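Colleague: need a structure here:
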Amino acid sequence: MPKKTKLAVIGTGSIAQSKHIPAYVKHPDAEIIAICDINPETLEKVGNELGLDKKYRFLDYNDLLKMREIEAVDICTPNCVHADPTIRALNAGKHVIVEKPIAMNAEEATQMCAAAKKSGKKLMVAQCMRWRSDGRALKRFIEAGDMGEIYYARVQALRRRGVPSWGVFIDKEKQGGGPLIDIGVHILDLTLWLMGHPRPIAASGQCYTKFGNKHGTFGVWGPWDYDNFTVEDFATGLVRFENGATMVIESSFCANIEKDILNTALLGTEGGCELMPLKMFREERQTLLDVTAVSLPQVNTHEAEIFGFIDAIRSDKPSPVPGEEALMTTKILDAIYKSSDEGKEVRIK
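Modeller: Numbering: from 1, shown residues only. Just a heads-up that it's a prediction; the model follows:
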């Protein structure tokens, strides 16, 4: 019987505990053999739950990476601690899956992709929304030509009052930005994947902070540190692509809207669509038609992405979400933030 793939988890906080680790535990061919976290209490809690000997619990990931038997590493740290452990793990001969976004900026992401290429190991970014059943169904329609040429996308990840009151989500130095880089990156990645990853050439955008540092602002997850809120609470951008397509993106932690919105809409020469819920709009025989999906399977997207990572390693398949695609997404984010700072459109190389 083939041996299990031996893994280590760096960063054992909420996303690791609630999503990643349960998926590895469920996978019949995966085994977590080491963990790392800078918080001793979290390290002890997760280590005890996994039944790991204390010698396999590390406070420093450099020590963990010395374990030769580790084949792959899952990095669930804050954004500012994505690049270094990823590069070091790849250089140590480990496959890597790293939480989204791939890095704080495109410069770091470029270094990560270079390390993956040099090492010959797989680098995957945990963009779980690519496993949504509605997105997968829409991708099949697009690849069959039912949308024709996609020339416009509207991407929205909007919360009415959804500022995280935990972690480092409101700290620009550790996170890189606010809702755009946190939740906007999810739907942006999914939309680029649906569009076939056209090459972006320029972006313009504007970021606002209207509520984040305003004391007393209501939050569905409770109050946050208003005095140390250093990210945007709303961002919008326009992206232009080499093939002539354009995209508008909106993302917020706080906005005076009716309800939270997570959606992408695409316009094509043969049809249009909205993803959530999945609907397609067409003209056939001089008749306007709305096509609605009525039966889509329920999918645990985080579990599916972890299973995809393990399968890629064990079957030597390409990374399901390669670093180069995440780098493209990060270049767009960088350009929108830079455009907001400079007040002009920014070219994307």
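Colleague: tell me the domain ranges of the chain?
Modeller: What automatic domain parsing lists as the domains of the chain is 5-129+302-321, 136-299+330-347.
Colleague: Centre of the chain to the longest one, how far?
Modeller: In terms of Cα atoms, centre = their mean, to the nearest Å, the centre of domain 136-299+330-347 is found 12 Å from the chain centre.
Colleague: same question, stretch 116-128
Modeller: That offset, for stretch 116-128, works out to 14 Å (Cα atoms, centre = their mean).
Colleague: gap between the two ends of it?
Modeller: Using Cα to Cα, to the nearest Å, one end of stretch 116-128 lies 21 Å from the other.
Colleague: in it, what's buried?
Modeller: Within stretch 116-128, the residues scored as buried using 16 or more other Cβ atoms under 10 Å are A116, S119, K121, K122, L123, M124, V125, A126, Q127, C128. The way it works is simple: take the backbone N, C-alpha and C, and place the C-beta from them, glycine included.
Colleague: So which residues make contact with it?
Modeller: For stretch 116-128, contacts defined as Cβ atoms under 8 Å, 6 or more residues apart in numbering pick out 19-20, 86, 90-91, 93-102, 112-113, 115, 185-186, 189-190, 301-302, 304-305, 308-309, 312-313, 318-323, 325-326.
Colleague: And the buried ones among those, selectable in ChimeraX?
Modeller: A single ChimeraX command is used to select the members of the contacts of stretch 116-128 judged buried by 16+ other Cβ under 10 Å:
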select :19,20,86,90,94,95,96,97,98,99,100,101,102,112,113,115,185,186,189,190,301,302,304,305,308,309,312,313,319,320,321,322,323,325,326
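Colleague: Show me the contacts of stretch 116-128 that map onto strands.
Modeller: Here DSSP state E is the test, and the contacts of stretch 116-128 give H95, V96, I97, V98, E99 as lying in strands.
Colleague: For the closest residue in space to the first one that isn't next to it in sequence, report the pLDDT, please.
Modeller: Counting by Cβ to Cβ, 6 or more residues apart in numbering, the nearest residue to H95 once its immediate chain neighbours are dropped is A72, at 4.0 Å. The pLDDT attached to A72 in the predicted structure is 98.
Colleague: How about the contacts made by A72?
Modeller: Counting by Cβ under 8 Å, 6+ apart, A72 touches T5, K6, L7, A8, K94, H95, V96, I97, F309, I313.
Colleague: which residues does it form a beta bridge with?
Modeller: A72 has these beta-bridge partners by DSSP bridges: L7, H95.
Colleague: In helices, which of the buried residues of stretch 116-128 fall?
Modeller: A116, S119 (DSSP state H).
Colleague: the strands in the stretch 201-349 of the chain, which residues?
Modeller: Secondary structure of the stretch 201-349 of the chain (DSSP state E, counting those that start in this stretch): strands located at 234-241, 246-252, 261-268, 272-274, 279-284, 287-292, 346-347.
Colleague: Including mean pLDDT, mean neighbour count and distance to K174, could those strands go into JSON lines?
Modeller: Listed next are these as JSON lines, based on pLDDT from 0 to 100; neighbours: other Cβ atoms under 10 Å; distance: least, Cβ to Cβ, whole Å:
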{"stretch": "strand 234-241", "mean pLDDT": "98", "mean neighbour count": "22", "distance to K174": "18"}
{"stretch": "strand 246-252", "mean pLDDT": "98", "mean neighbour count": "23", "distance to K174": "18"}
{"stretch": "strand 261-268", "mean pLDDT": "98", "mean neighbour count": "20", "distance to K174": "24"}
{"stretch": "strand 272-274", "mean pLDDT": "98", "mean neighbour count": "19", "distance to K174": "34"}
{"stretch": "strand 279-284", "mean pLDDT": "96", "mean neighbour count": "15", "distance to K174": "39"}
{"stretch": "strand 287-292", "mean pLDDT": "96", "mean neighbour count": "9", "distance to K174": "42"}
{"stretch": "strand 346-347", "mean pLDDT": "98", "mean neighbour count": "16", "distance to K174": "24"}
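Colleague: Done for today, thanks.
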